[in-house]
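[1] Give me the fold of what follows.
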Amino acid sequence: MAANYNPNQINPYTNKPFGPPPAGVFVRPNKSFYENGAPLDSFAPRIGLAWQPGSKQSRVVVRGGYGWFYQLPSEGGNAPNTSDSNTQPFAQLFGDTGASNSASTLQKPFPTTTLGFVLRTPTSRLTDLVIGPDFRVPKRQEWSLKVQYKFSPTFALDVGYVGSRGNNLLLAYGSNQPLLATPGHPVNCGLPNTPSGLGVSAETFATLGIDPSGCVTTNTSGNAYLRVPIVGETPTALQAHQPLGRSWYHSMQGTLSKQFSHGLTFQVFYTFSKSEANTTVDNDQRNLALDWARTSFDRTHRLIANYNYDLPSLRTNGFLGTMLKGWSTSGIVIMQSGLPMTPTDRSGGSAYGFAGTSTVTLCSGATNDSLQTSGNAGSRLNRWINTTGVICTAPPIGSDGSTAYGNTGQSIINGPGQFNTDFSLGKTTTVGGFRKEAAIALRVEFYNALNHPQFSNPGTTLGTANFGVITQTSVTPRLIQFGLKYLF
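    As a prediction, the model looks like this:
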């Protein structure tokens, strides 16, 4: 806890002091949630090079660079860049509108809240957060090495490698995931061993698997809250925000470019890349190594081409000559692989109190490739993900049939790719008026000019109506836009 916490400060909502922090809460000697704040003295070198091999050629140039970059914490260095720090015990959010705000008056516009610490009991089921305490500023290293070859003064090709690595990235994982219990290895001994001690009925107590010594000896979805490491907090509570994340990015990038000459300029960019990280935590919250996967924005192939061409004017006089000159066209073409998806199972992990999101479970003999149905995108709109003989229910591990997590990882299947073309056609005609050179510019623009259907990813939650079903497009249908300008 930051050193500027004042236990005597009055809570404006309860008119009572916040009170001292609970026993065991560490108070830092500085005013930050973390041991270090903004990296004012952090070492962040950057270096670049350009080399023209040989002394008798001017067509080949080698360029490279390397640098460190830091992502500063928000709020002046006092907190990580996450909205979760705006919840209890750090802040209380509320949003009452309409009928829900009927009790508000000018004398008391805000509702009474419970901002501050709430005492924990075996049955309190609190939902506190964990942040820090040893926060380290995220760091990213970037590097590149490219070779450029000039075919002519206006025509060149660049090919090279671009990469990056991230460290100390902020991630959140559930630190209160329930433990698994057996009669030979009971957990949380010393719990109340009577129905009245836990405030439940005798029938409910019989299903909790508590022996006479107050130990939990079985696993059920109903006793998950009693098998957690910190009893009194729910299985999904104590989301720990820690700088434990990492990332890697590797890519081969090429650029073919032509500077403006003879009325034409264009650029073609191609990237073959892979981006991986572990900043999203699914399944077992205690094994972060299982979460290393492609990032949600990773596209293996990406090609972008843009151009602008001033059409040659025919040497014709009079009205026909005026109509045939001043034309130009431009456009952009995008082709890219689909985004990765992570199929999840909302019924998986019930034995763990759903402490983490569960991925799907592959049947025996099935592989990740088995999840992909065959055919073009149009024929797969209602069945992008194959479920027949491929996806099975999560295995039961509890005495009541409660389930384990799935056995698949993240980003194991791709969504639809994209092929989009936008182009425009324009004409500029000198007409005079306010100035001798004044002109009228007519332009017509076509977005998704080929009217090619391009789809978003399908639903990925097993058991829902839209699982594997594509319900929307990623690009709008063909849109035509006209423009007319008078330039003077």
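[2] From now on I want contacts and neighbour counts done on CA atoms only, so please keep to that.
    Fine.
[3] Where is the longest helix in the protein?
    Taking DSSP state H as the criterion, the chain has its longest helix at helix 318-324.
[4] Which of the residues in it are classified as buried?
    Residues of helix 318-324 classed as buried by neighbour count (16 or more other Cα atoms under 10 Å): 322-324.
[5] now it, how far from the centre of its chain.
    The chain centre lies 55 Å from the centre of helix 318-324; the measure is Cα atoms, centre = their mean, to the nearest Å.
[6] Work out the gap between stretch 139-159 and the centre of the chain.
    Relative to the chain's own centre, stretch 139-159 is displaced by 30 Å; criterion: Cα atoms, centre = their mean.
[7] What of stretch 227-237?
    Distance, stretch centre to chain centre, for stretch 227-237: 27 Å (Cα atoms, centre = their mean).
[8] Need the contact partners of that stretch.
    In this structure, residues lying in contact with stretch 227-237 by Cα atoms under 8 Å, 6 or more residues apart in numbering are 120-129, 174-181, 187-188, 216, 224-226, 352-356.
[9] Can I get the longest helix of the chain as PDB, trimmed to CA atoms?
    Provided in PDB are the C-alpha atoms of helix 318-324 (Å, rounded to 0.1, in the frame of the first residue of the first chain):
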ATOM      1  CA  GLY A 318     -11.400  21.700 -78.500                       C
ATOM      2  CA  PHE A 319     -14.100  20.300 -76.300                       C
ATOM      3  CA  LEU A 320     -12.900  16.700 -76.900                       C
ATOM      4  CA  GLY A 321      -9.400  17.500 -75.800                       C
ATOM      5  CA  THR A 322     -10.700  19.200 -72.700                       C
ATOM      6  CA  MET A 323     -12.700  16.100 -71.800                       C
ATOM      7  CA  LEU A 324      -9.900  13.600 -72.400                       C
END
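[10] What is that helix packed up against?
    Contacting helix 318-324 under the criterion 3 or more Cα pairs under 8 Å, 6 or more residues apart in numbering; DSSP states H and E is no other helix or strand.
[11] could you redo the last one with a cut-off of 10 Å?
    Where contact means 3 or more Cα pairs under 10 Å, 6 or more residues apart in numbering; DSSP states H and E, helix 318-324 is packed against strand 418-430.
[12] where in this protein is pLDDT low?
    1-2, 13, 28-41, 72-95, 112-117, 132-133, 315-316, 321 (pLDDT under 70).
[13] hmm, back to that, what about burial for the contacts of stretch 227-237, which qualify?
    122-123, 125-126, 128-129, 174-181, 187-188, 216, 224-226, 352-356.
[14] Inside strands: which ones of these?
    Residues of the buried ones among the contacts of stretch 227-237 located in strands (DSSP state E): 129, 174.
[15] Three-state assignment for the nearest residue to T300 once chain neighbours are set aside, please.
    Leaving aside its sequence neighbours, T300 sits nearest to S273 (Cα to Cα, 6 or more residues apart in numbering; 5.1 Å). Recorded secondary structure, S273: strand (DSSP: H, G, I helix; E, B strand; the rest coil).
[16] Show the contacting residues for S273.
    Counting by Cα atoms under 10 Å, 6 or more residues apart in numbering, S273 makes contact with 161-163, 249-253, 298-302.
[17] ditto for F354
    Counting by Cα under 10 Å, 6+ apart, F354 touches 177-178, 221, 224, 235-236, 283, 346-348, 403-405.
[18] what do you get for W51?
    Contact analysis of W51 by Cα under 10 Å, 6+ apart lists 60-64, 147.
[19] check contacts around the residue sitting nearest the centre point of the chain.
    Nearest residue to the geometric centre of the chain (Cα atoms, centre = their mean): S296, 6.0 Å. By Cα under 10 Å, 6+ apart, S296 lies in contact with 275-277, 280, 339-342, 410-411.
[20] All good on my end, thank you.
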